[in-house]
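Asker: my questions concern the predicted model and sequence given below.
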Amino acid sequence: MDQTEKKEVLRSKEKEFQTAKNALHTLGKEKEEAFNQMRTHSSELKSLNQQLDSLKGERDELSKKVRDAKKERSALNQKVKESSTILKSARENAPSSYSSDSGRRSSRYDKKEKSPAQMQKEIDNLEVKLETEAMAFSKEKEIKKTIKILKTEMKKKSAVQETYALAKTAGKEFHSVRKAAEVSHKQVQEFAEASQEKHQAMQEVLIKIKKQRKLRDPKGKEYATKKDTWTKQKKICDELAEQIKVLKEELGMQSQKEIKIQAKEKIKEVEAKLKRGDKLTTEDFLAMQGSK
């Protein structure tokens with residue numbers, strides 16, 4: 001191939017290179033646009049996944065509270081049953097004068113019947129009387145009989161009062177435990193509702209994640225395709241650039257870059273001559289003019 005043919009080929013390659021370079025530029029813009037779109041969806045997905053993890057942690061914590069509250073409620077319900085049994089037994093053992101509504105003795109007993117303390121005081125007085133007073137045998141016998149009757153009645157009254165006390169305590173315990181069980185049940189419901197709300201929010205986020213994946217995945221494939229096309233086009237440009245370089249070398253042509261480098265080196269040589277006071281050649285003057 002002679003010089004003329006090489007120059008013709010060079011011009012053709014330079015045109016081809018410029019066309020390929022323009023195409024590479026366009027492909028590069030398309031590649032970056034696809035990448036940015038993919039990154040936008042990926043960023044949204046990352047945010048949604050973080051939100052999902054946060055909701056899952058909150059839901060799991062609430063679910064644990066539900067389990068714990070149910071255990072506590074179960075234990076309290078068992079106590080309610082036990083307390084109810086004790087209360088029922090206490091009421092059954094209490095005298096008919098016991099009021100199940102108030103847990104107190106009837107007003108008749110309060111007003112007319114003697115209390116164990118009053119009976120004990122009467123017994124003490126009678127015993128002192130026996131020890132300190134002179135009396136007929138029949139009178140002494142009568143007082144002793146009265147003391148015996150009072151002691152028997154006092155024992156019965158004490159037993160009745162104890163039964164009343166047990167019934168009253170059982171009633172208070174029952175109401176206290178039942179109230180605690182009701183509070184615990186309400187807590188279970190509140191935790192369960194909150195847990196369900198978190199679970200529902202998770203489902204909504206999962207729907208958004210699936211939607212974002214459907215948007216991101218095609219963009220990911222599009223980006224991969226455009227990147228592959230851009231890489232191939234760049235390879236074509238590099239090959240054309242190498243061919244042009246070889247043709248120029250064969251034609252003895254220098255690239256603009258090489259020309260600039262040589263011009264700078266020539267200027268340095270001329271400046272060195274000026275410093276030394278050497279005589280400048282016509283070529284030196286032309287180099288100085290070309291730098292201006």
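Answerer: Done, it's in.
Asker: thought Glu16 was touching Leu240?
Answerer: Yes. Using Cβ atoms under 8 Å, Glu16 is in contact with Leu240, at 5.9 Å. Glycine gets a C-beta too; all of them are placed from N, C-alpha and C.
Asker: for those two, indicate the residue with more neighbours.
Answerer: Set Glu16 next to Leu240 and count neighbours by other Cβ atoms under 10 Å: Leu240 wins out with 18 against 15.
Asker: and the strand or helix carrying the more buried one, average pLDDT?
Answerer: Element membership for Leu240 (DSSP states H and E) is helix 137-250. For helix 137-250, the mean pLDDT works out to 84.
Asker: after it, next one along is what?
Answerer: In the C-terminal direction, the helix or strand that comes right after helix 137-250 (DSSP H and E) is helix 256-276.
Asker: tell me what angle that next one forms with helix 137-250.
Answerer: For helix 256-276 against helix 137-250, the angle by axes from the mean of the first three to the mean of the last three Cα atoms, to 10 degrees is 80 degrees.
Asker: now for helix 256-276, which elements pack on it?
Answerer: Helix 256-276 makes packing contacts with helix 282-291 when contacts are defined by 3 or more Cβ pairs under 8 Å, 6 or more residues apart in numbering; DSSP states H and E.
Asker: gap between the two ends of stretch 242-260?
Answerer: 20 Å (Cα to Cα, to the nearest Å).
Asker: tell me the secondary structure at Asn22.
Answerer: Three-state call for Asn22 (DSSP: H, G, I helix; E, B strand; the rest coil): helix.
Asker: now Asp278
Answerer: Note that with three-state DSSP, the state of Asp278 is coil.
Asker: now it: how far from Phe35?
Answerer: Asp278 sits 58 Å away from Phe35 when distances are taken as Cβ to Cβ, to the nearest Å.
Asker: neighbour count winner among the two?
Answerer: Between Asp278 and Phe35, counted using other Cβ under 10 Å, the more crowded position is Phe35 (17 against 12).
Asker: ok, and that one, which helix or strand is that part of?
Answerer: Phe35 is part of helix 3-93, with elements assigned from DSSP H and E.
Asker: what's the angle from that helix to helix 137-250?
Answerer: Using the same axes, to 10 degrees: helix 3-93 against helix 137-250 is 180 degrees.
Asker: circling back: helices or strands up against the helix holding Leu240?
Answerer: Counting by 3+ Cβ pairs under 8 Å, 6+ apart, the packing neighbours recorded for helix 137-250 are helix 3-93, helix 116-132.
Asker: of all those, which one comes closest to Gln203?
Answerer: helix 3-93 (9.7 Å; Cβ to Cβ).
Asker: tell me how far the closest one lies from the chain's centre.
Answerer: 13 Å (Cα atoms, centre = their mean, to the nearest Å).
Asker: which elements pack onto that helix?
Answerer: helix 137-250.
Asker: count of residues packed around Glu283?
Answerer: 10.
Asker: same question, Leu52
Answerer: 17.
Asker: residue contacts, the nearest residue to it once chain neighbours are set aside?
Answerer: Once flanking residues are discounted, Leu52 sits nearest to Val205: 4.8 Å by Cβ to Cβ, 6 or more residues apart in numbering. Counting by Cβ atoms under 8 Å, 6 or more residues apart in numbering, Val205 touches 48, 51-52, 55.
Asker: redo those residues as TSV? Include distance to Lys214 and pLDDT.
Answerer: What follows is the contacts of Val205, written out as TSV (distance: Cβ to Cβ, whole Å; pLDDT from 0 to 100):
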residue	distance to Lys214	pLDDT
Leu48	13	91
Gln51	18	90
Leu52	17	91
Leu55	21	91
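Asker: ok, so of those residues, who is nearest Glu269?
Answerer: Distance to Glu269, by Cβ to Cβ, is smallest for Leu48 among these, at 66.5 Å.
Asker: what sits against that closest one?
Answerer: So Leu48 contacts 205, 208-209, 212 (Cβ under 8 Å, 6+ apart).
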